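Novice: Following is a predicted model, sequence given first.
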Amino acid sequence: MPVELNHTIVHSRDRRESAEFFVELLGLAAPVEFGPFLAVQLSNHVTLDFATVPEADITPQHYAFLVSDAEFEAAYALIGTRGIEHWADPRKQHPGEINHNDGGRGVYFADPSGHYMELITVPYGGWPQGEPRR
């Protein structure tokens, strides 16, 4: 069996706020309660399991998501509507912009708990030869 990521735990100040931010931004199904977690299912069957922890225990992590052009447009519209600070680059040198790396589009922003989120429409290095663009 090939190795696949199944789930990861995302430490949050408020698991519901973080999970709902994420599902609303990306148009995903509502989170499902699973013990102390709120699980958000991604299309590749990976779940992000949001857990409320003391703020001192949150170490900001980076989460990058490959999305379709339509998903990017919808998410970026919400980022604008909600006034979410965002950047074209991880060093925050291009505020209020997106990038066009590898012929796609990308944006960086923070979630309610301070995790670094990234949306991209083309994987780093471009699409593998023969793989159709989404």
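Specialist: Great, that's in hand.
Novice: OK, contacts around residue 128?
Specialist: If you count contacts by C-beta atoms under 8 Å, 6 or more residues apart in numbering, residue 128 has none. For glycine as for every other residue, the C-beta is placed from the backbone atoms N, C-alpha and C.
Novice: On the three-state scheme, it is what?
Specialist: coil (DSSP: H, G, I helix; E, B strand; the rest coil).
Novice: Contacts made by stretch 43-60 with the rest, please.
Specialist: 4-16, 18-19, 22, 31, 34, 36-42, 63, 110, 113-116.
Novice: As a check, name the ranges of all helices in the protein.
Specialist: Ranges of helices in the chain, per DSSP state H, are 15-26, 69-81.
Novice: among these, which is the most enclosed?
Specialist: helix 15-26 (a mean of 19; mean count of other C-beta atoms under 10 Å).
Novice: For the closest residue to residue 100 other than its chain neighbours, give its distance to residue 89.
Specialist: Closest residue in space to residue 100, ignoring its immediate chain neighbours: residue 106 at 7.8 Å, by C-beta to C-beta, 6 or more residues apart in numbering. Computed as C-beta to C-beta, to the nearest Å, the residue 106 to residue 89 distance reads 9 Å.
Novice: Mind checking which of these two has more residues around it?
Specialist: Between residue 106 and residue 89, counted using other C-beta atoms under 10 Å, the more crowded position is residue 106 (23 against 15).
Novice: right, and the more buried one touches residue 119 too?
Specialist: Yes - with contact defined as C-beta atoms under 8 Å, residue 106 reaches residue 119; the gap is 6.4 Å.
Novice: show me where pLDDT drops low in the chain?
Specialist: 130-134 (pLDDT under 70).
Novice: need the contact list for residue 101.
Specialist: Residue 101 neighbours (C-beta under 8 Å, 6+ apart): 120, 122, 124.
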